[in-house]
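Trainee: whatever this is, show me its structure:
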Amino acid sequence: MKLKQGDKVVVIAGKDKGKEGKIIKTLKADDKVIVEGVNIAHKHIKPNGGESGQIIEIERPLHVSNVMIIDPKSKKGTRIGHTTNKDGKKIRVSRKSNEKLD
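Mentor: Coordinates of the predicted model:
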């Protein structure tokens, strides 16, 4: 998976198409990510002891194919490439502007 926690992404498919947010968590085994403020679902919680029941909103996972990282230069979605720097370390770069992503 080329996306990491903390990356700014835009949703390219689904009910939240066009929304932007930051990746909160990556689920590598399922190839999914949880994006802040995107794919909101309601969860009903039963009353427990002295507490009353409530309905809370939580972010549900999205498949990584439905999100695209935001290019730091053009502020639009872009693909991710890899290259090596002068020290020989592998780094992520934007395919549109060839800018470093980390």
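
Trainee: can I see the domain layout of this structure?
Mentor: What the record gives for the chain is the domain set 1-70, 72-102, from automatic domain parsing.

Trainee: can you say which of those is packed in most?
Mentor: domain 1-70 (a mean of 14; mean count of other C-beta atoms under 10 Å). For glycine as for every other residue, the C-beta is placed from the backbone atoms N, C-alpha and C.

Trainee: gap between it and the chain center?
Mentor: The chain centroid and the centroid of domain 1-70 are separated by 8 Å, computed with C-alpha atoms, centre = their mean, to the nearest Å.

Trainee: ok, the residue sitting nearest the centre point of the chain - contacts?
Mentor: In the chain, the centroid-proximal residue (C-alpha atoms, centre = their mean) is residue 23; its distance is 3.5 Å. For residue 23, the contacting residues are 3, 4, 5, 6, 7, 9, 33, 34, 35, 36, taking C-beta atoms under 8 Å, 6 or more residues apart in numbering as the criterion.

Trainee: apply 6 Å and report the result again.
Mentor: 5, 7, 33, 35 (C-beta atoms under 6 Å, 6 or more residues apart in numbering).

Trainee: what does residue 58 give?
Mentor: 41, 43.

Trainee: so how far is residue 100 from residue 72?
Mentor: Applying C-beta to C-beta, to the nearest Å, one obtains 8 Å for the distance of residue 72 from residue 100.

Trainee: just residue 83 next, same as before
Mentor: Taking C-beta to C-beta as the measure, residue 83 falls 9 Å from residue 100.

Trainee: first to last residue in stretch 64-82, what's the distance?
Mentor: Using C-alpha to C-alpha, to the nearest Å, the gap from the first to the last residue of stretch 64-82 comes to 18 Å.
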